[in-house]
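Chemist: Okay, sequence plus prediction incoming.
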Amino acid sequence: MANTSGPLFESEPGVKNFRRILLSDVAVKRERKVFLGRKWNTLDISTAGVVLAMHLLSLFAPFYFNWSAFWVAFGLYVVTGLLGITLSFHRNLSHRSFKLPKWLEYSFAYCGVQALQGNPIDWVSTHRYHHQFCDSERDPHSPIEGFWYSHMSWLFDTSAIIERCGGPNNVGDLEKQPFYKFIQNTYIFHPIALGVLLYAIGGFPFLVWGMGVRIIWVFHITWLVNSACHVWGKQAWNTGDLSRNNWWVAVLAFGEGWHNNHHAFEYSARHGLEWWQIDMTWYVVRFLEAIGLATDVKVPSEMQKQRMAFNN
């Protein structure tokens, strides 16, 4: 039976004294103030500057619209969002849900670099910490510290992650590979190169739509998995955290919105476990498996599902 609450948290004494997030039973237990009253380091300022710049660039979109620019943005949304973030950074690199030939693994990872969400080593490290400490005081981004903190403002407080989790010491599998170290050391130049290429091909409209609009679109869709999918939706599995299945995030994020499924079986390459749960990333993985490019594809067994069911 599905459950809409976060039982680990709602059962705590005194939780009624905490502010609840709108249309949710999730309580903000300690709201973290990011923008004022603290010292910003260089990385915080740089990250905030990039996010702000992309949002400002996108404001030109209504004035520089053409269909070619729109379809460039849509194509890059699929390439960087589906192939780059959800398939590569998340399911392949963070959770090792399947294996790919190195040439293809690196190609998909490079697509993720163009999403402007950080290099693979740092992205994967943060995500693995999220699962290790989910919705606890050590989680890098939990709505128990505020919806907007879990959505985006945690990005601008890099010292908090180091204080809670330490440095990126959980990504040795990536750090020993020269490709990922090279990308980490040269990361920012790759999206800049793409921006220059788009401008050379289609002028300012391609830059506005292919970089500004597309990047903030993929930004917020990715961030909704961290925020909305821990606040709104249903729990199908007894994960002991706030993760929820959210259908509309799943549609936007290529299947990532089946987030309670994912937290129950984080090793699974398939997030949409029911036939009606649309999971575009899984369909791509399944295709790659069918043609022999994806191997060791992991999905939960019936016994594993029974262990995570609420009636146990």
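Modeler: Now that the structure is in, tell me what you want to look at. In this text the structure is predicted, and so the values were computed from the model without any measurement.

Chemist: contacts, neighbours, all on C-alpha from now
Modeler: Fine.

Chemist: Double-check that L194 belongs to a strand.
Modeler: No: read with DSSP: H, G, I helix; E, B strand; the rest coil, L194 is helix and lies in no strand.

Chemist: which residues of the chain fall in strands?
Modeler: For the chain, strands defined by DSSP state E occupy the ranges 19-20, 27-28.

Chemist: Can you name every helix or strand that the last one contacts?
Modeler: It stands for strand 27-28. strand 19-20 (3 or more Cα pairs under 8 Å, 6 or more residues apart in numbering; DSSP states H and E).

Chemist: how about the strands of the chain in JSON lines, adding mean pLDDT, mean neighbour count and distance to F147?
Modeler: Converted to JSON lines, those look like this (pLDDT from 0 to 100; neighbours: other Cα atoms under 10 Å; distance: least, Cα to Cα, whole Å):
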{"stretch": "strand 19-20", "mean pLDDT": "92", "mean neighbour count": "17", "distance to F147": "10"}
{"stretch": "strand 27-28", "mean pLDDT": "95", "mean neighbour count": "21", "distance to F147": "8"}
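
Chemist: could you dump these to CSV with distance to V51?
Modeler: Conversion of those to CSV gives the following (distance: least, Cα to Cα, whole Å):
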stretch, distance to V51
strand 19-20, 28
strand 27-28, 25
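
Chemist: Out of the ones you listed, flag the one nearest P140.
Modeler: Ranking those by their distance to P140 (criterion: Cα to Cα) puts strand 27-28 first, at 14.9 Å.

Chemist: That closest one pairs with which strands, parallel or anti?
Modeler: Partner strands for strand 27-28, per DSSP bridges, with pairing direction: strand 19-20 (antiparallel).

Chemist: ok, and what's touching the partner strand?
Modeler: Where contact means Cα atoms under 8 Å, 6 or more residues apart in numbering, the residues beyond strand 19-20 that reach it are V26, A27, V28, K29.

Chemist: ok, 7 Å please
Modeler: Taking Cα atoms under 7 Å, 6 or more residues apart in numbering as the criterion, the residues outside strand 19-20 that touch it are V26, A27, V28.

Chemist: average pLDDT for stretch 110-124?
Modeler: Along stretch 110-124, the predicted confidence averages to a pLDDT of 98.

Chemist: My error: substitute stretch 266-283 in the last question.
Modeler: Confidence over stretch 266-283 (mean pLDDT, whole number) is 98.

Chemist: measure that stretch end to end?
Modeler: The first and final residues of stretch 266-283 sit 17 Å from each other (Cα to Cα, to the nearest Å).

Chemist: What are the buried residues along that stretch?
Modeler: With burial defined by 16 or more other Cα atoms under 10 Å, the residues of stretch 266-283 counted as buried are 266-273, 277-283.

Chemist: Likewise for stretch 295-305?
Modeler: For stretch 295-305, the buried set under the neighbour-count rule, 16+ other Cα under 10 Å, comprises T295, V297, K298, V299, P300.

Chemist: okay if I get the contacts of strand 19-20 as a markdown table plus distance to Y129?
Modeler: Output for the contacts of strand 19-20, formatted as a markdown table (distance: Cα to Cα, whole Å):
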| residue | distance to Y129 |
| --- | --- |
| V26 | 21 |
| A27 | 22 |
| V28 | 20 |
